[in-house]
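**Student:** Sequence and predicted structure, then a few things I'm wondering about:
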Amino acid sequence: MTNRYIVASSGGFIQTDRWGVMLPGQIFKRALELTGKSRPRVLFVLTASGDNPNYLATSYQAVSGLGVDVEHLALFTQPNVPVDQAFDRADLVWVGGGSVANLLALWELHGVTQAARAAWERGAVMAGVSAGSICWHIGGPTDSFGPKLETVTNGMALIPYGNGVHYDNEAQRRPLLHSLVQAKTLPLSFATDDHAAIVYQNSDAIEVVVDTPDSKANAYRVELVNGEVLETALRLGAIN
């Protein structure tokens, strides 16, 4: 059986002191490694930002020195390439941040959901940041609907967990995820601080990755135990 990988993050790229210039962090580089390819084919999918052209240009620039082949799938105002073909060619699919609610609706409409699932099942690595993390899970807290966080529960569920992102950076995130697990709206859930990621192999969370060696970012497991929410910090490296 082919191992299937998902890299679910609140990072992946590092902002520099130059406007619009990002560098790839260890999270993105780990996702590349998981493809097992000497020259991986990367597909950027930035639906959640409305296919923002500046975001796209910055993403292309950030990976220009990594020895990868890059293309992107844009859905506005119509798909720039056939959806199935874009995913069929990809070794790594990286999904950008933005509105996960809009992303999920448009993906279903354009057949991206089915194409992404098929690519993952054949062994392509699925990865992303923020909305591009939540989408692979059952769901999680989101600011898709306004400043007050709401919940999405119609994620792709390639992995059968809830997901929290930007866990250390936005005050509403942790208590809402806890309440969703407490109410059983979400099952066992995993969360990431900014610039942290969880690597899933098949349906197992196996590793925590951070973008820089000096990062203090963590990931977390949030679960219901004897009627109480238990949060466990997951440090850099293998998850026991």
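**Tutor:** Good, I have the coordinates. Residues are numbered from 1 along each chain as shown.

**Student:** so the most centrally placed residue in the chain, which of the three states?
**Tutor:** For the chain, Ser133 is the residue whose C-alpha lies nearest the centre (C-alpha atoms, centre = their mean; 2.3 Å). Secondary structure, DSSP: H, G, I helix; E, B strand; the rest coil: Ser133 is helix.

**Student:** What sits closest to it if chain neighbours are left out?
**Tutor:** Nearest non-adjacent residue to Ser133, counting by C-beta to C-beta, 6 or more residues apart in numbering: Ala8, 4.0 Å away. From N, CA and C alone the C-beta is placed, and that goes for glycine too.

**Student:** Wait, the residue nearest to the centre of the chain touches Ser10, no?
**Tutor:** Yes. Ser133 lies in contact with Ser10 (C-beta atoms under 8 Å); the separation is 6.8 Å.

**Student:** Which stretches in the chain count as helices?
**Tutor:** Taking DSSP state H as the criterion, the chain carries its helices at 26-35, 53-62, 83-89, 100-110, 112-122, 131-134, 173-182.

**Student:** pLDDT wise, what is Thr2 at?
**Tutor:** What the model reports as pLDDT for Thr2 is 87.

**Student:** my bad, should have said Asn240
**Tutor:** You'll see Asn240 listed with a pLDDT of 83.

**Student:** Can you give me the neighbour number for the closest residue to Thr16 other than its chain neighbours?
**Tutor:** Distances taken as C-beta to C-beta, 6+ apart put Leu23 closest to Thr16, at 6.1 Å, once the chain neighbours are dropped. Neighbourhood size, Leu23 [other C-beta atoms under 10 Å]: 15.

**Student:** What of the one 4 residues further on?
**Tutor:** By other C-beta under 10 Å, the residues close to Ile27 number 28.

**Student:** gap between stretch 188-200 and the chain center?
**Tutor:** Mean-position distance between stretch 188-200 and its chain equals 9 Å (C-alpha atoms, centre = their mean, to the nearest Å).

**Student:** List the buried residues in it.
**Tutor:** If you call a residue buried by 16 or more other C-beta atoms under 10 Å, then stretch 188-200 has these buried ones: Ser189, Phe190, Ala191, Thr192, Asp193, Asp194, His195, Ala196, Ala197, Ile198, Val199, Tyr200.

**Student:** Thought Arg4 was touching Asn202, still the case?
**Tutor:** Yes. Between Asn202 and Arg4 there is a contact under C-beta under 8 Å: 5.5 Å.

**Student:** Please identify which of those two sits among more neighbours.
**Tutor:** With other C-beta under 10 Å as the criterion, Asn202 and Arg4 differ in neighbour count, and Arg4 comes out ahead with 20 against 13.

**Student:** Let me see the contact set for the more buried one.
**Tutor:** By C-beta atoms under 8 Å, 6 or more residues apart in numbering, Arg4 lies in contact with Trp120, Glu121, Gly123, Leu158, Gln201, Asn202.

**Student:** If you tally nearby residues, what's the number for the closest residue to the first one other than its chain neighbours?
**Tutor:** Which is Trp120. Nearest non-adjacent residue to Trp120, counting by C-beta to C-beta, 6+ apart: Met126, 5.0 Å away. Using other C-beta under 10 Å, Met126 has 28 neighbouring residues.

**Student:** Report the contact partners of Met126.
**Tutor:** Tyr5, Ile6, Val7, Val93, Val95, Ala116, Ala119, Trp120, Trp136, Leu158.

**Student:** how many other residues sit next to the fourth one?
**Tutor:** Residues near Val93, counting by other C-beta under 10 Å, number 26.
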